[in-house]
Structures are given as structure tokens and as C-alpha cells.
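A.B. asks: Provided below for reference: sequence and predicted model.
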Amino acid sequence: MRIKDIKTFLMQAQFPPEDAYATSHRLDATKGQSGRSATRNWLFVKIYTDAGITGLGECSGWPRVVECAVHDLAPLLIGEDPGNIERLWQKSFSAIMAHGMTGVVGAGALSGIDMALWDIKGKVLGTPVWNLLGGKVRERIKVYGHASTPAVARSLRDRGITAIKTGGVADIIEKVDRIRRAVGDNVDLMVDLHGPPWMTAKDAIIIGRRLEPYDLLFFEDPVAPENFEALERIQQHVNIPIAAGERFATIWGMRALIERELVDVIQPDTGRAGGLSQMMKIAAMAEAHHITVAPHSGSLGPVAEYAALHLMAAIPNALILERLEDDWPGRDEVIEPVPKTVDGHLPVPDRPGLGVDIVEDAVARYPSTSNLSVAGSPTTGAYAAGTFDEQVYFQTRFCRRKDFSPKLGGDQ
Ligand SMILES: [Mg+2]
């Protein structure tokens, strides 16, 4: 069997309009004329073989740019045996070495291709991908939802979601307090500070210590994840498990977080960590350090979610899967079959391969228009060119004062 062709399917996906996730990410200001989010794209990749079997994958890591990377890699893969997954990963990786190794763009392309090759192998052998990864450790995967208000949190809990994440820096202590009181003690709570570049270790430690009484499952990206020294200090001074890793790719990107035990929970993004092949290795590296795996989904689409389910079925140290439980309704239009959460868990798929296909006509109804926010972003919304805010130092301290100092009684 040989690879005959590789096609990409890029679409604009909306964040859920009422969801706290959008609010906490200040995305209301970023919607374009279409009404859809200006920042959320889903990129699916389909690999065609001369045997008529196709494989499906999904890439993140700046999808509109990644699409170009996939097409650049395609000539290297066409004519190859799709069964040689690791060989094709290494061949592609070597080819992009001269472009500065992978970053998340290169790794995003590798992720979707790798995922599609596992899908093909499963279909050829007539078995689900989890079976190829070593078989099942578990029958269902626990998921967590997002909420920034007690009402949303209660709604999730009432539908059986027993793990909820909230985020942002502004008023975070008060937000967690309200949500904890609303849902009670039998729900896992998590906090994501989204690693703002202006956050110092000392500020993150102050926040973390104030969060300790709320019995959090983890404290995510308390500082920019590249700031290893700050993470180390936070690990030493905050008694909450630390989570990070969504912005990194490949075993080499995750290595410091794992080997230095800067995290208790590693969060590879299924669409940009380098594919299932890399995620299995990342999970094994983490297992050696008693670190659990909670794949990042964030703005990911539904095919990557399927891939995460197969991975988490097969690895011993899977903790929990991120999910926008109340996602934009278009999510359910673009794939078949649509997974449904039952008692806070997603079932492990049982069809051959990944067990999912895209509905190409539905994907085509939502053409991609943009991938970056023009109006502002969580950390640059205050940016004002030509003013003192243009200076990075003042800019970052401005963010700190605005989001962080008031609740500490600091200067405004
Ligand atoms: Mg995050």
C-alpha cells in the first residue's frame, strides 16, 4: 500500500457564545463580521492510499500556517508505505530541521499526518487505534468542562461533569471561591492562569497560596511555561499540583518540564505535540517521573479529541481530558459519529482506526477567514502603539496592576 495523496480541510470554528471560556479569553471583541471567532480554526488532514483506505488527522499550532506546512511535506510522503509511521515521522522531521526544527507549526503538521497514519493502520488491521497502542487500560475517559460563573459550573455539575476549570487572573480567587461554594466539595476544580508573559513567580506564588484552601486538582500555567526557573520556585512554594505543556511540542519540548519535575501534570496538545507517536513517548517519559497526562484541547476540534481518547485509553497515567462541553453547535455538524458525554466521561471509541470521519460538506460551510485576533488578545488587549504602553516593561506592569493588584489592595 502506498500513499497517493494528502488533502487538507480548513475551517473557521466559533467559540461557544455564552460560554465562560469565551468570556475569560475576552473573545467577544475578536469576532469578525461572520459572527464567528476570529481566532479559532480547525485543520483536518486526510491521507489517501492506492488501496482506497483513507486516514484522518487534525493539526493545531496556528492552523492556517500549518496547512501550508502539510502541503510542503506531502511530496515527501506520497509514494511511501503508510504503515511505516515512525519512519515517516523521522523523515518529515529531518526535512524541516533546516527551518529551525519544529516549533508548534511544524509539529502541528506532523501531528495531523501522524494521526492519519495511525488511523490508516487501524483500518487496515480492522482494529481501533488504542489496540495498536497497547490495548485498553480503561473503558471511558473523564473530562472537565469550563466555567467562570457559579451558574455555568452548577449547570455542568447537574449534567454529571464532575471536574471544572476556570481561568484568567482578574478576580481569580473570588471566582474560585464562588464556584467552589456553588458546586460543593465533590467536584474537581482547576485553575488556568494562561501563563501571561507579565506574571512573575512571586505574584503566581501569592495567587497559588491563596488558592490552596480550595483543593484544586491542578494549577495550570501560573507563569509563562518557558520560565522554568519561575516554575521551579512555584513548585517549591505552592502546595497545588502544577500543570503546563500546552504550548510545547515533541519530546524535546516537554523534556525540561518532565525531567526537572516542574509539573505534576503534563498537557500536550493533541494537535501540535507531534502526533500520537510523540504523545505515547511523552506519556512514558512522564510516567517515569510519576507525572500524569491531561491533554490540552482548548480550541481544538473533534478529530483531535478522538485521537486523545485512543491515547488516554492506552496509557496508564492519563488524568483527565479537557473539553468544551457546551461547544459551538457546528462542532457536531462536521464529524460523524458525534461523541456524547455520559456521567462526566467520554466512551473509548470502538470502530477501526480513530473511528471518526469528517463531513466534508459541513466543513466547507465554514471557510476560514482569520486566525489571529486583530482587536486584542488576553495579554495584549491593553496594547496601545505610540503610548507609554508600547514599552514592554510598562505594558507588562500595566497588565499586572489591572488584573492582579486591585484584589491585593495594591496601587491602581
Ligand atoms: Mg491552558
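C.D. replies: It's in.
A.B. asks: mind giving me the packing neighbours of the lengthiest helix in the chain?
C.D. replies: Looking across the chain with DSSP state H, the single longest helix is helix 103-125. Counting contacts by 3 or more C-beta pairs under 8 Å, 6 or more residues apart in numbering; DSSP states H and E, helix 103-125 packs against strand 41-49, strand 54-59, helix 63-77, helix 85-95, helix 129-132, helix 276-288, helix 302-314. The way it works is simple: take the backbone N, C-alpha and C, and place the C-beta from them, glycine included.
A.B. asks: and the average pLDDT for the shortest one is what?
C.D. replies: Read that as helix 129-132. Average pLDDT, helix 129-132: 98.
A.B. asks: and what of stretch 283-296?
C.D. replies: Rounded mean pLDDT across stretch 283-296 is 98.
A.B. asks: for it, output the C-alpha coordinates as CSV.
C.D. replies: Output in CSV follows, covering the C-alpha atoms of stretch 283-296 (Å, rounded to 0.1, in the frame of the first residue of the first chain):
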residue,chain,number,x,y,z
ALA,A,283,3.4,9.9,28.4
ALA,A,284,6.2,7.3,29.0
MET,A,285,8.7,10.0,30.0
ALA,A,286,6.1,11.4,32.3
GLU,A,287,5.3,8.0,33.8
ALA,A,288,8.9,7.6,34.8
HIS,A,289,8.5,10.8,36.9
HIS,A,290,5.1,10.0,38.3
ILE,A,291,3.6,12.8,36.2
THR,A,292,0.1,12.4,34.8
VAL,A,293,-1.1,13.4,31.4
ALA,A,294,-4.1,15.7,30.7
PRO,A,295,-4.1,16.5,27.0
HIS,A,296,-4.9,20.1,26.1
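A.B. asks: least confident secondary structure element in the protein?
C.D. replies: The least trusted helix or strand in the chain, going by mean pLDDT, DSSP states H and E, turns out to be helix 20-24, with a mean of 44.
A.B. asks: sorry, back to before: which of the helices and strands packed on helix 103-125 is buried the deepest?
C.D. replies: The highest mean neighbour count among those, using mean count of other C-beta atoms under 10 Å, belongs to strand 54-59: a mean of 29.
A.B. asks: contact partners of it?
C.D. replies: 42-49, 66-67, 70, 82, 108-109, 111-120, 123, 270-272, 275, 300-301, 303-304, 307, 353-354, 356-358 (C-beta atoms under 8 Å, 6 or more residues apart in numbering).
A.B. asks: give me that answer again for 7 Å
C.D. replies: The contact list for strand 54-59 (C-beta atoms under 7 Å, 6 or more residues apart in numbering) reads 42-48, 66, 70, 82, 108-109, 111-117, 119-120, 271-272, 300-301, 303-304, 354, 356-358.
A.B. asks: and it, which strands flank it?
C.D. replies: strand 41-49 (antiparallel) (DSSP bridges).
A.B. asks: ok, and what's touching the partner strand?
C.D. replies: In contact with strand 41-49 (C-beta under 7 Å, 6+ apart) are residues 1-13, 54-59, 63-64, 66-67, 70, 82, 112-113, 116-117, 120, 301, 303, 358, 363, 368, 371.
A.B. asks: now do that strand against helix 103-125, angle only.
C.D. replies: Counting by axes from the mean of the first three to the mean of the last three C-alpha atoms, to 10 degrees, strand 41-49 lies at 40 degrees to helix 103-125.
A.B. asks: where's strand 41-49 relative to the chain centroid, distance-wise?
C.D. replies: 18 Å (C-alpha atoms, centre = their mean, to the nearest Å).
A.B. asks: heads up, I number from 46, so please use that
C.D. replies: Okay, using 46 as the starting number, the last item reads as strand 86-94.
A.B. asks: brilliant, that's me finished.
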